[in-house]
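1. Everything below, folded, please.
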Amino acid sequence: MPRTARIDAPGFPYHVFARGIEKRRIFNDDKDRRFFLKSLGRLVAETGTPLYSFSLMPNHFHLLILRDRNPVSTLMQKLLTGYAIYFNSRHSRVGHLFQNRYKGLICADDTYLRGLVRYIHHNPVRSGLLKSRGELDDYPFTAHSYIIGRYKATWFDPAIVLGSFCDNAAEALAVYRDFMGRPEAGDAAARFDPLEAARKPGSGWSPGKDGDDAARDPAMAAGRRSVRHQGNTDVRHVQRQLDVRREIEIACRRHHASVEELLGGVRRKPVVDARTELVLTLARESGLSNKAISDELGLSKSAVSMILKRAAEKKAGAAPAGGPGSWLRNR
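-> The predicted model follows:
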């Protein structure tokens, strides 16, 4: 199936990560890591992309960046292509360096954002690359050492992260250090799984019924400010896009149809079946109005109403009139 378009949400932070093909190393030594950071620094400056956090591991990396003036894909395509060319040339290899496309998760909650910063910075310790959290202070390949001032770079502004803890710079640094260094903070970082957390409503880490982590962790609660001020995009609208896109992909896989066919109004039977299933699923589980469903799927409002009506008639035992797909229109 053709690749689906990525969700582009201006004003929101993205957790971006990529792994070496077959989990092979993408950094063989510090020279590789320094080249990657130099390229990253140049590109965040060129594209005007604020950088919250980064961590370079032997076979993968994590970035936390804000989608500001330019799409995340603009930076990532240049970064990955340029680095792959450098790495293959230096190490006399050919072929793909990275496993598939990079992954990008939208961060729509400040608690999740701070938990993610801690998760990214603890990566070298959690993996055994470093022996203790104390070694992070001197490790130049995570943003932690830049945030505490051990290293400086024109392309990295520590205030982006520290400002989420407290308005006062000195106090914010103390809160951040406490947040990173306490044993319970380390335990929370060990439990935190960004992929699992991203599946929860709002694309943010929110323990919900299990208790508010911010209430249990004063460092998280300090200077609690939503990342929603970063842009005018409505969080609920972005989450709806993510949920609908996921349902579209599931329905297309089940019926062996493509996303392009489904959104393009194609009337091939597998596409019609996938489209019908989507309307019923979104109406039943998402709480979207008929108008919202029609907007998301490129149908007329009357087409959505007809699909729901025929489904209700079928469930009640009535035979619906008309052939399959007769109510559909091209987008």
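
2. Could you point out the helix or strand that follows the strand or helix carrying residue 87?
-> Per DSSP states H and E: residue 87 is located in helix 72-90. Downstream of helix 72-90, the first helix or strand assigned by DSSP H and E is strand 103-106.

3. for that next one, packing partners?
-> The contact analysis (3 or more C-beta pairs under 8 Å, 6 or more residues apart in numbering; DSSP states H and E) places strand 103-106 against strand 13-19, helix 194-198. No exception for glycine: its C-beta is placed from N, CA and C like everyone else's.

4. What's the separation between residue 176 and residue 119?
-> Taking C-beta to C-beta, to the nearest Å as the measure, residue 176 falls 14 Å from residue 119.

5. same question, residue 134
-> Taking C-beta to C-beta, one finds residue 134 at 18 Å from residue 119.

6. Of these two, give the one with the bigger neighbour count.
-> The neighbour comparison of residue 134 against residue 119 (other C-beta atoms under 10 Å) goes to residue 119, with 25 against 10.

7. So the more buried one lies in a helix, does it not?
-> Yes - assessed with DSSP: H, G, I helix; E, B strand; the rest coil, residue 119 lies in a helix.

8. Begin at 2, not 1, for the rest of this chat.
-> Noted, 2 is the first residue going forward, which turns the last one into residue 120.

9. what ranges do the helices span in the stretch 152-301 of the chain?
-> Assigned by DSSP state H, counting those that start in this stretch, the helices in the stretch 152-301 of the chain fall at 160-163, 170-182, 184-192, 195-199, 214-217, 219-222, 236-256, 260-264, 270-282, 291-298.

10. Least reliable of those helices by average pLDDT, please.
-> Lowest mean pLDDT within those: helix 219-222, at a mean of 30.

11. Buried residues, stretch 85-98. List them.
-> By neighbour count with 16 or more other C-beta atoms under 10 Å, stretch 85-98 contains the buried residues 85, 88, 98.

12. Make JSON lines from those residues and add distance to residue 160 and pLDDT to it.
-> Shown next, in JSON lines, are those (distance: C-beta to C-beta, whole Å; pLDDT from 0 to 100):
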{"residue": "85", "distance to residue 160": "32", "pLDDT": "94"}
{"residue": "88", "distance to residue 160": "32", "pLDDT": "94"}
{"residue": "98", "distance to residue 160": "33", "pLDDT": "93"}
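
13. and the angle for the helix holding residue 88 with strand 14-20?
-> 30 degrees (axes from the mean of the first three to the mean of the last three C-alpha atoms, to 10 degrees).

14. who touches helix 73-91?
-> Residues outside helix 73-91 that contact it (C-beta atoms under 8 Å, 6 or more residues apart in numbering): 7, 9, 15, 17, 19, 27, 33, 36-37, 40-41, 44-45, 48, 50, 66, 94-99, 103, 105.

15. rerun that using 6 Å as the cut-off
-> Residues from elsewhere that reach helix 73-91, judged by C-beta atoms under 6 Å, 6 or more residues apart in numbering: 15, 36, 37, 40, 44, 48, 50, 98, 99, 103, 105.

16. By neighbour count, which of the residues you listed wins?
-> Neighbours here mean other C-beta under 10 Å. Within the contacts of helix 73-91, the largest count is held by residue 15, at 26 neighbours.

17. Which strand residues bridge it?
-> Beta-bridge pairing for residue 15 (DSSP bridges): residue 66, residue 107.

18. from what I can see it touches residue 104, true?
-> No - the criterion here is C-beta atoms under 6 Å, and residue 15 misses it with residue 104 at 9.7 Å.

19. Please report how far residue 303 lies from residue 84.
-> The value you get for residue 303 to residue 84, if C-beta to C-beta is used, is 51 Å.

20. Neighbour count: the two, which is higher?
-> residue 84 (21 against 12).

21. Could you check stretch 292-310 and say which residues are buried?
-> The neighbour-count check on stretch 292-310 (16+ other C-beta under 10 Å) flags 293-295, 297-300, 304-309 as buried.

22. End to end on that stretch, go ahead and measure it.
-> 15 Å (C-alpha to C-alpha, to the nearest Å).

23. Please apply the same query to stretch 136-148.
-> Stretch 136-148: ends 14 Å apart by C-alpha to C-alpha.

24. Would you map out the domains in the chain?
-> 14-231, 236-316 (automatic domain parsing).

25. quick one: the shortest one to chain centroid distance?
-> I take that to be domain 236-316. Computed by C-alpha atoms, centre = their mean, to the nearest Å, the chain-centroid distance of domain 236-316 equals 23 Å.

26. again with the longest one
-> Relative to the centre of its chain, domain 14-231 is centred 12 Å away, using C-alpha atoms, centre = their mean.

27. Could you count how many residues lie near the closest residue in space to residue 312 that isn't next to it in sequence?
-> Closest residue to residue 312 apart from its sequence neighbours, by C-beta to C-beta, 6 or more residues apart in numbering: residue 281 at 5.6 Å. Residues near residue 281, counting by other C-beta under 10 Å, number 16.
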